[in-house]
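*Asks:* Output the structure for:
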Amino acid sequence: MDTKKLIELRKQAEKAVRDMPDGEFKLKAFEVILNHLLAPGKVQPASGSGGEPPQSRATVSEAEDTDDQSTQGRGLVLKAEGFFKKPQSIGQIRSELGAHGWHYPVTTLSGELMKLVQKRKLRRQRGKEGNRQVWVYINP
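*Replies:* Numbering: from 1, shown residues only. Just a heads-up that it's a prediction; the model follows:
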């Protein structure tokens, strides 16, 4: 991506959060919007689209398999943003979904994440969180 396009996308993300009060929430919102704009395989908004934040979409091949309004689809949105580059526990996944405004109980997420593992969209492995053994999810 060239520098001019990158600057344009940054300005779109800044415009989308400009009316928010300064703080951690504004920073996270900017980060999420910019990730949506930069994510590969996504349809980019046309220049001059009014700075509207883009709709969350999984990559094209994954969107065919799962509706992005479903729990699995929203997990694929996180994957498309690069969230699963590092191993993530179910608690971390729940928090990130919450940051997007998608709130789920852990009991719902565990089954939906297993379905993504079975479809080979994610990989599951044992990890540690403090002194506890937990399952963590990562890109396959």
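
*Asks:* which residues sit in contact with Phe30?
*Replies:* Contacts of Phe30 were listed using CB atoms under 8 Å, 6 or more residues apart in numbering, and they are Ala13, Glu14, Ala16, Val17. Using the backbone N, CA and C atoms, a C-beta is placed for each residue, glycine as well.

*Asks:* Can you tell me which of those residues are buried?
*Replies:* Taking 16 or more other CB atoms under 10 Å as the criterion, what is buried in those is Ala13, Ala16, Val17.

*Asks:* unless I'm mixing things up, the last one is touching Lys28, no?
*Replies:* Just to be clear, that refers to Val17. No. In this structure Val17 lies outside contact range of Lys28 using CB atoms under 8 Å: 9.5 Å.

*Asks:* Now render the contacts of Phe30 as TSV, adding secondary structure.
*Replies:* TSV is the format used below for the contacts of Phe30 (DSSP: H, G, I helix; E, B strand; the rest coil):
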residue	secondary structure
Ala13	helix
Glu14	helix
Ala16	helix
Val17	helix
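
*Asks:* Just name the closest of these to Leu76, please.
*Replies:* Ala13 (21.4 Å; CB to CB).

*Asks:* ok, and the helix or strand in this structure with the lowest average confidence?
*Replies:* Here the helix or strand of the chain ranked lowest by mean pLDDT, DSSP states H and E is helix 60-65, holding a mean of 46.
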